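> I'll drop the sequence and a predicted model, then ask my questions.
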Amino acid sequence: MKAVGWMPRSVRSAFSWTFRPDEYVLLTASPSVPRTATYRRRRSCSWRSVIRVLTLRRVLVSVTLVPVFLLLAIICQGIPPKYDDIKMFEQRLPQHSLSQVVRYQPQYLRFPGHLWGFGFNNVLQEAIMMSYLAYVSNVSFVFEDYTWSHLPLPWTIYDFALRPARIPLNALISGPTAGGPMPSAPNAPRAVSAEFYEQVCGGPDSRKHVISSLNAPNNEDGVVMIDWWVYQLAAVQEPCIEIDSSAHDVFDRHFFGNPRILSLWESLIKSPMLTDFAWSPLVQAAVSRNFALLQPESAKNLYDAHSRKSLAGLLALHLRRGDYKRHCPNLAKWGADYMGINQHPSLPDRFDRSPYVNDTGARLSYYLDHCWPSTEQVVERLRGIRKEYPGLSRVYVLSNEWAWSLDGLKSALEEDGWDDLVSSTDIVLDSEQKHVAMAVDMAIAEKAEVFIGNGFSSLSSNVVMLRMAKGMEGQSNRFL
């Protein structure tokens, strides 16, 4: 006791955890009231006291509160919009009229086994091909919402944040695939929504004709596949047609990842699906809102959805990260090639894995150079492109990477002489545009003077397809 008696009480209290269990503190009496000095045993911190605090009830309460706090953290990031106004827009499309059904008696083609729960570009490339098949078969395509989840709730959880379970297609794209007009083919039947299709074909008296994909020539060239389906559809008299793709997807990933699709190129690129394609007004508004970052020579280049003029001086770079850290080594293991569209003869960059077939290490390195390049490799690649296009001065990076992870690339490009670098994380978006941000990225890339993509990516493939459909030179589409 004497060893610590000289210390002030406040100091002794602060360091009470250093006292031994048998130490005591003298409690002095008040000066005005004489009383006998008493000693009170001081409690010390020990493993027994910890056990007393962590009672079973307290542990259970703490465990119960963990999901509550997680839910609150998720909700605090914002409640996604429902896009009710865009849904109403779709409901009021002129072809969604029962009187027109009676008058014109159109046929409808629906694909109940369409993709859902996948990335937007996997869904988009499939929807374009399905609507193209309906167009060449002279039937009305049934378009679906972009669906992430079939749960009854309007939202689902992804990356510890709420996202819409379903987004109306017209929040992302406009044009024939989403029920828009076809000025280049005014007599072709327009696409209808799945909701309207259910009104017409969902009743007990409706007549549906189902065609199975079981015997479809799924491994043939695209032209052969389309001709087979056109022949099957031409023999149907019922107004409501559905494709049963349980045996095999009508257009699967092997089709899009193979040059077999190129046999359809000339017909596809001249079809209304691409000539009349446009991004939704919601997406175009986001592009226009960020004009200060994009620095167009003329605002009209942003406002005109069908303008063939590019954003002069801008190079758009698709830098895929995230899940590609695992996906790129798998591509090397599978011996995958670039996406089918990315193998178009007019594109200057080729992917040739043949020298590395028997060398696993060299093959992996070759794939990573083109699929998961380092910052130094990206800077070197852009430097080479700028030599071919001396007018390039700015870079827009489409990426799923975190903002802080792109700082190193930005610094490296600025040191290499680029005037400015803007990325997906810099774009200003409202609550509705936030959930269609991938389309905003693509709309910007579509307008860039030069686009550098990831040859294995469906996003890059779709951007290349849309740029070439607008008449932009194949030479302006490059790959990492």
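Okay, I see it. All values reported here derive from a predicted model rather than from experimental measurement. Numbers count the residues shown, from 1 in each chain.
> Now for residue 76, how many residues are close by?
9 (other CB atoms under 10 Å). C-beta coordinates here come from the backbone N, C-alpha and C atoms, glycine included.
> typed the wrong thing, it's residue 173
Residue 173 is flanked by 25 other residues according to other CB under 10 Å.
> ok, it - contacts?
Going by CB atoms under 8 Å, 6 or more residues apart in numbering, residue 173 touches 124, 277-280, 283, 439.
> Now with 10 Å, please.
If you count contacts by CB atoms under 10 Å, 6 or more residues apart in numbering, residue 173 has them with 120, 124, 127-128, 143, 146, 180, 277-280, 283, 436, 439, 442-443.
> And for residue 229?
109, 133-134, 136-137, 211, 213, 216-217, 243, 250.
> redo that, cut-off 6 Å
Listed by CB atoms under 6 Å, 6 or more residues apart in numbering, the contact partners of residue 229 are residue 133.
> where does the stretch 201-350 of the chain have low pLDDT?
Applying pLDDT under 70 to the stretch 201-350 of the chain flags residues 305-306.
> Do you have the strands of it handy? List them.
Using DSSP state E, counting those that start in this stretch, the strands found in the stretch 201-350 of the chain span residues 208-212, 240-244, 278-279, 311-319.
> Please name every helix or strand in contact with the longest one.
So that's strand 311-319. strand 394-399, strand 448-453 (3 or more CB pairs under 6 Å, 6 or more residues apart in numbering; DSSP states H and E).
> What of the first one?
Packed against strand 208-212, as judged by 3+ CB pairs under 6 Å, 6+ apart, are the following elements: strand 240-244.
> How about residues contacting the strand it packs on?
108-112, 201, 206, 208-212.
> how about a cut-off of 7 Å?
With CB atoms under 7 Å, 6 or more residues apart in numbering as the test, strand 240-244 has contacts from 107-112, 139, 201, 206-213, 233, 250.
> of these, buried ones?
Among those, those scoring as buried are 107-111, 139, 201, 211, 213, 233, 250 (criterion: 16 or more other CB atoms under 10 Å).
> need those in a markdown table with distance to residue 388, can you?
Below are those laid out as a markdown table (distance: CB to CB, whole Å):
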| residue | distance to residue 388 |
| --- | --- |
| 107 | 49 |
| 108 | 48 |
| 109 | 44 |
| 110 | 46 |
| 111 | 42 |
| 139 | 45 |
| 201 | 53 |
| 211 | 48 |
| 213 | 44 |
| 233 | 46 |
| 250 | 39 |
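> Return the member of the residues you listed nearest to residue 97.
Using CB to CB, residue 108 is the member of the buried ones among the contacts of strand 240-244 that sits closest to residue 97, with 13.9 Å.
> Residue 249 versus the nearest residue to that closest one once chain neighbours are set aside, what's the distance?
Closest residue to residue 108 apart from its sequence neighbours, by CB to CB, 6 or more residues apart in numbering: residue 140 at 4.9 Å. Noted for residue 140: a distance of 21 Å to residue 249, by CB to CB, to the nearest Å.
> Over to residue 442?
Here the criterion is CB to CB. By it, residue 442 lies 23 Å from residue 249.
> Between the two, point out the one with more neighbours.
residue 442 (25 against 19).
> which secondary structure elements does the host helix or strand of that one contact?
Using DSSP states H and E, residue 442 sits in helix 437-447. Using 3 or more CB pairs under 7 Å, 6 or more residues apart in numbering; DSSP states H and E, the elements in contact with helix 437-447 are helix 281-289, strand 311-319, strand 394-399, helix 458-469.
> Could you dump those into CSV with mean neighbour count and distance to residue 65 added?
As requested, these are arranged in CSV below (neighbours: other CB atoms under 10 Å; distance: least, CB to CB, whole Å):
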stretch, mean neighbour count, distance to residue 65
helix 281-289, 20, 39
strand 311-319, 23, 40
strand 394-399, 24, 36
helix 458-469, 24, 40
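> Kindly reformat these as TSV and extend each row with distance to residue 429.
Shown next, in TSV, are those (distance: least, CB to CB, whole Å):
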stretch	distance to residue 429
helix 281-289	6
strand 311-319	17
strand 394-399	14
helix 458-469	18
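> can you tell me which of these comes nearest to residue 78?
Nearest to residue 78 among those is helix 281-289 (16.9 Å), distances taken as CB to CB.
> Quick one: residues in contact with the closest one.
Helix 281-289 is contacted by residues 171-172, 302-303, 305, 428-429, 432-433, 436, 439-440, 443-444 when judged by CB under 7 Å, 6+ apart.
> The same query, at a cut-off of 6 Å, please.
With contacts defined as CB under 6 Å, 6+ apart, helix 281-289 is touched by 171, 302, 305, 429, 433, 436, 439-440, 443.
> Likewise for stretch 385-394?
Residues outside stretch 385-394 that contact it (CB under 6 Å, 6+ apart) are 313-315, 419-420, 450.
> next one: it to chain centre, how far?
The chain centroid and the centroid of stretch 385-394 are separated by 28 Å under CA atoms, centre = their mean, to the nearest Å.
> Flag every buried residue along it.
Buried residues in stretch 385-394, counted by 16+ other CB under 10 Å: 386, 392-394.
> Save these as CSV, and put in distance to residue 464 and pLDDT too.
Formatted as CSV, these follow (distance: CB to CB, whole Å; pLDDT from 0 to 100):
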residue, distance to residue 464, pLDDT
386, 20, 97
392, 18, 97
393, 23, 97
394, 20, 97
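> Need those in JSON lines (columns: distance to residue 374).
As requested, the buried residues of stretch 385-394 are arranged in JSON lines below (distance: CB to CB, whole Å):
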{"residue": "386", "distance to residue 374": "19"}
{"residue": "392", "distance to residue 374": "21"}
{"residue": "393", "distance to residue 374": "23"}
{"residue": "394", "distance to residue 374": "22"}
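> Closest one to residue 369 out of these, please.
Of all those, residue 369 sits closest to residue 386, with 19.3 Å by CB to CB.
> For the strand or helix carrying that closest one, which residues meet the burial criterion?
Secondary-structure element containing residue 386, defined by DSSP H and E: helix 375-388. By 16+ other CB under 10 Å, the buried positions in helix 375-388 come out as 375, 378-379, 381-382, 386.
> Could you list the residues in contact with stretch 366-384?
Stretch 366-384 is contacted by residues 328, 331-332, 356, 408-409, 412, 416, 456, 480 when judged by CB under 6 Å, 6+ apart.
> Please, where are all the helices along the stretch 201-350 of the chain?
Taking DSSP state H, counting those that start in this stretch as the criterion, the stretch 201-350 of the chain carries its helices at 222-234, 253-256, 265-269, 272-275, 281-289, 291-294, 300-303, 324-334.
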